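Undergrad: generate a structure from the sequence data that follows.
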Amino acid sequence: MMAENWEQLLSKAQPLVDYLHRDGYFNQGFSGDRTANLVISDPEVAIDFATNDSFEMFDEWQTVSDSPDVFPPAFEWKRWIDFNLRKNDYFGLRGKNFNGADTKWTRGDGCLLIELMHRDIRILLNCYANDSFPEIWKNIQSAYFNDGFPCGWDGKLPFGKLVVYSNE
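TA: From the prediction side, this is the model:
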């Protein structure tokens, strides 16, 4: 059953909502599968995976995670999700404790980690609303739930691994 409104979505997405209501993130190293994922603790290397769009060494993160062919044709992007996320300031994300990970990912006026988390929260909630979780988004959510920050792809599709930044 697809979620038709914010309240239904919050109930349906309870594991993600519980995660987002935490006071802080990345207070320990990634506790997930270190074989299935490429785990990186160097923020500069992780930032390169998140932002490099040259396609020479690995596929661009946006293409792997958020291109139109990632989602089924019937997938609907719910504008009311965007509205409610802005209204609640993405569950107050900017005010949370990132245990120093945010400062490692800040360049100039912005924090790439928080910007990417905003994108991921929006997409994950749309996955819940549509009852549709592409495999990459199952893996992305799992990385978050295991104290990692999913930030790239190591390899060329259909091969490769999710890159997870571990705040160690």
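Undergrad: which helix or which strand is home to the one residue sitting closest to the centre of the chain?
TA: Of all residues in the chain, the one closest to the mean position by C-alpha atoms, centre = their mean is residue 120, 3.6 Å from it. Taking DSSP states H and E as the definition, residue 120 sits inside helix 112-130.
Undergrad: identify all contacting residues around that helix.
TA: 2-3, 9, 12-13, 16, 20, 47, 50-51, 65-66, 74-78, 81-82, 85, 90-91, 93-94, 98, 101-102, 104-106, 133-134, 137, 140-141, 144, 149-151 (C-beta atoms under 8 Å, 6 or more residues apart in numbering). Any C-beta I mention is one placed from the backbone N, CA and C, and that applies to glycine too.
Undergrad: and after that helix, which helix or strand comes next?
TA: Downstream of helix 112-130 (by DSSP H and E), the next one is helix 135-145.
Undergrad: what angle do the one helix or strand residue 45 maps to and helix 112-130 make?
TA: Using DSSP H and E, residue 45 sits in helix 43-51. If you take axes from the mean of the first three to the mean of the last three C-alpha atoms, to 10 degrees, helix 43-51 sits at 40 degrees to helix 112-130.
Undergrad: show me where the chain has strands.
TA: 37-40, 106-107, 110-111, 149-154, 161-165 (DSSP state E).
Undergrad: note down every partner strand of the first one and its orientation.
TA: The pairing partners recorded for strand 37-40 under DSSP bridges are strand 161-165 (parallel).
Undergrad: same question, the longest one
TA: Sheet pairing here is set by DSSP bridges, and for strand 149-154 it gives strand 161-165 (antiparallel).
Undergrad: ok, now the second one?
TA: Note on strand 106-107: by DSSP bridges, its sheet partners are strand 110-111 (antiparallel).
Undergrad: and the partner strand, how far out from the chain middle?
TA: Here strand 110-111 is found 16 Å from its chain centre; the criterion is C-alpha atoms, centre = their mean, to the nearest Å.
Undergrad: give me the residues contacting that strand.
TA: By C-beta under 8 Å, 6+ apart, strand 110-111 touches 102, 105.
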